[in-house]
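Participant: Model the structure of this input:
(chains A and B)
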2 protein chains.
Amino acid sequence: MSLELKILGSNSAAFAHNRHHTSQFLRIQNTYFLIDCGEGTQLLLKKNKIKLSRINHILISHLHGDHYYGLIGLISTMHLFGRKATLCIYGPPMLADIITLQLKASNTRLSYDIDFKQWTPDEQELIFENNHMTVTTFPMNHRIPCSGFLFREKPKKRRINKEVVDSMLTPIQVMALKNGEDALDMDGNVLYENKLATLPPRPSRAYAFCSDTQYLPDLAEVVKDVDLLYHEATFTEDMAERAELTYHSTARQAAELANNANVGKLLLGHFSTRFRELAPVLNEALEVFPRSVLANEGESFTID
Amino acid sequence: MSLELKILGSNSAAFAHNRHHTSQFLRIQNTYFLIDCGEGTQLLLKKNKIKLSRINHILISHLHGDHYYGLIGLISTMHLFGRKATLCIYGPPMLADIITLQLKASNTRLSYDIDFKQWTPDEQELIFENNHMTVTTFPMNHRIPCSGFLFREKPKKRRINKEVVDSMLTPIQVMALKNGEDALDMDGNVLYENKLATLPPRPSRAYAFCSDTQYLPDLAEVVKDVDLLYHEATFTEDMAERAELTYHSTARQAAELANNANVGKLLLGHFSTRFRELAPVLNEALEVFPRSVLANEGESFTID
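Facilitator: As a prediction, the model looks like this:
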């Protein structure tokens, strides 16, 4: 599994119907991200048996409380448990001020460093990169500065076809084949031709997180062909006016975006408390985009 | 019932063993107080079926997260539900700054007013008074400014003894008797002698909340004879050194205070996460003060 997403909470505004505020835990290969952190997220991490030591990167989409009020509590608990590793927090302007003021008020000097990385609202920005993946922000259209996040694996190397390659290769020969070149012998002659001795790379996976936003049709270009798209679906079409007024989307709009972007699967979330049952949300999306599912708390979505 | 206290949470530091952070809901006659507000308090209020509209006064003892991280979420939820009534919040310096900064970051203009009342650390201070009761702060000895709270009913009026008074009284005659005077007839003659026609006032109740603090023997004077004393008991005596180092108390110390102050009942709380079972905490207190009980989540304590 190259990508695994666990939904910790997906309700909007107030807690309701046993649904908690937005938070997701994402693994891409061996890198872990906590995305948003509503009040009580640390309890949901505990419930889902996710070790706090796994979390080195926390991304906050915007400063409405249902997306970050649990952050200071999580930071404090990590401190109580004696964390040493630096914690990277990616968020909008003012987030660092809020956390810093609260730590000052409690006269807390954390047992670890926080590296605040402030993204720039209204821009697409590369905020994280390692050997195998990148994270890029993209602007949402919400009442306050809000960013979506695009997690994308880098192109992978070609794979050696063991049915063809039956001799021991040197590390240089292996590297050459994986990089798309032929493997040469000591005299410089072609030992294995690349196109015969290798298989195409495994696909690079991508996940896009879009919360909260008015419907942005142009987003289809940004999230084109991602394997997994999370998009807020706070309302259904009968409340389309209210969605526009409050800078949120309907399930149908989320599905239209998924359809236009040709994504692998659409996860619907950020449900309004007015929905006790979520079937109307799902059904509305399914009419437009059949690979729609609800981002229900506690569920995992993996891409192999 | 003149006084009813509901324990919402009573664990210290991190969540553990299904125990939540400090919060209590207190009713004295028809006035309601929320005392401290750890993360997730709004969920505990919901679980305990306490209507948010009941809460007009919130007291925060100090700015360690386990005592106030749930406040901003509660404030936000009250706003989402369209609250109109002014909310009075009593807390130490910096609390108003923290809340105000978070509301500014979310560009929220609340549907109601908050009246921040900042108490002065290191002083006893009357912070609330109405016709029937007062609330006074008193200094704790903790790592940061921290106050205890003393809730005290005012002296009540004498009660008319209906077995003696068998005639209809005018409002003036009733008032005279309740105020300890004789009831006179229209000619100014004594109709009912007070000492014969009245019963003593019902007792005035008092509740003292002490969290978090090093053991302060002198506190016995402040909380003398209260009906109910909540005192933190983070540790037991085998960890007395750690208690002193971290400005906390042991169960034995809490019980000694209760004994010296001759209180009606001692509630032990703010349990360390190291106690999965709380029997050692209770047993240690019981050796000194037999009217000790654990402030377990969800339990109510009433004084009739």
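Participant: Correct me if wrong: residue A:91 contacts residue A:115.
Facilitator: No. Residue A:91 lies out of contact with residue A:115 (CB atoms under 8 Å); the separation is 11.6 Å. For every residue, glycine as well, the C-beta is placed using N, CA and C.
Participant: who's more crowded, the two?
Facilitator: Neighbours per residue (other CB atoms under 10 Å in any protein chain shown) separate residue A:91 from residue A:115, with residue A:91 holding more: 27 against 11.
Participant: who's in contact with the residue nearest to that one when sequence neighbours are not counted?
Facilitator: Nearest residue to residue A:91 in three dimensions, chain neighbours excluded: residue A:60, at 3.8 Å (CB to CB, 6 or more residues apart in numbering or on different chains). By CB atoms under 8 Å, 6 or more residues apart in numbering or on different chains, residue A:60 lies in contact with A:36-37, A:67-68, A:71, A:89-92, A:95.
Participant: Could you pull up phi and psi at residue A:60?
Facilitator: Dihedral angles of residue A:60 (phi, psi; degrees, to the nearest 10) stand at phi -110, psi 120.
Participant: quick one: it and residue A:147, what's the gap?
Facilitator: 9 Å (CB to CB, to the nearest Å).
Participant: Common neighbours of these two, please.
Facilitator: Contacts common to residue A:60 and residue A:147, judged by CB under 8 Å, 6+ apart, are residue A:92.
Participant: for the closest residue to residue A:154 other than its chain neighbours, phi and psi?
Facilitator: In this structure, residue A:154 finds its nearest non-sequential neighbour in residue A:132, 5.7 Å apart by CB to CB, 6+ apart. For residue A:132, the backbone dihedrals (degrees, to the nearest 10) come out as phi -120, psi 0.
Participant: can you map out the strands along the stretch 1-150 of chain A?
Facilitator: A:3-9, A:23-28, A:31-35, A:57-59, A:87-91, A:114-118, A:125-129, A:133-139, A:147-153 (DSSP state E, counting those that start in this stretch).
Participant: residue contacts, the residue nearest to residue A:43 when sequence neighbours are not counted?
Facilitator: Leaving aside its chain neighbours, residue A:43 sits nearest to residue B:15 (6.0 Å; criterion: CB to CB, 6+ apart). Residues in contact with residue B:15, defined by CB under 8 Å, 6+ apart, are A:42-43, A:46, A:77, B:21, B:40.
Participant: same deal with residue A:21?
Facilitator: A:9, A:11-12, A:15, A:36, A:38-41, A:65-67, A:69-70.
Participant: Helices - which of those residues land there?
Facilitator: residue A:41 (DSSP state H).
Participant: Serialize the contacts of residue A:21 to JSON lines and add fields for pLDDT.
Facilitator: Converted to JSON lines, the contacts of residue A:21 look like this (pLDDT from 0 to 100):
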{"residue": "A:9", "pLDDT": "96"}
{"residue": "A:11", "pLDDT": "93"}
{"residue": "A:12", "pLDDT": "91"}
{"residue": "A:15", "pLDDT": "88"}
{"residue": "A:36", "pLDDT": "98"}
{"residue": "A:38", "pLDDT": "97"}
{"residue": "A:39", "pLDDT": "96"}
{"residue": "A:40", "pLDDT": "95"}
{"residue": "A:41", "pLDDT": "97"}
{"residue": "A:65", "pLDDT": "97"}
{"residue": "A:66", "pLDDT": "96"}
{"residue": "A:67", "pLDDT": "97"}
{"residue": "A:69", "pLDDT": "98"}
{"residue": "A:70", "pLDDT": "98"}
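Participant: State the distance from the residue nearest to residue A:154 to residue B:297.
Facilitator: Applying CB to CB to residue A:132 and residue B:297 gives a distance of 45 Å.
Participant: who has more neighbours, those two?
Facilitator: residue B:297 (19 against 15).
Participant: Confirm that the more buried one lies within a helix, as I assumed.
Facilitator: No. Assigned with DSSP: H, G, I helix; E, B strand; the rest coil, residue B:297 falls outside any helix and is coil.
Participant: Now it: phi and psi?
Facilitator: The phi/psi pair for residue B:297 (degrees, to the nearest 10) is phi -50, psi 140.
Participant: I figured it hits residue B:17, correct?
Facilitator: No. Using CB under 8 Å, residue B:297 makes no contact with residue B:17, being 10.4 Å away.
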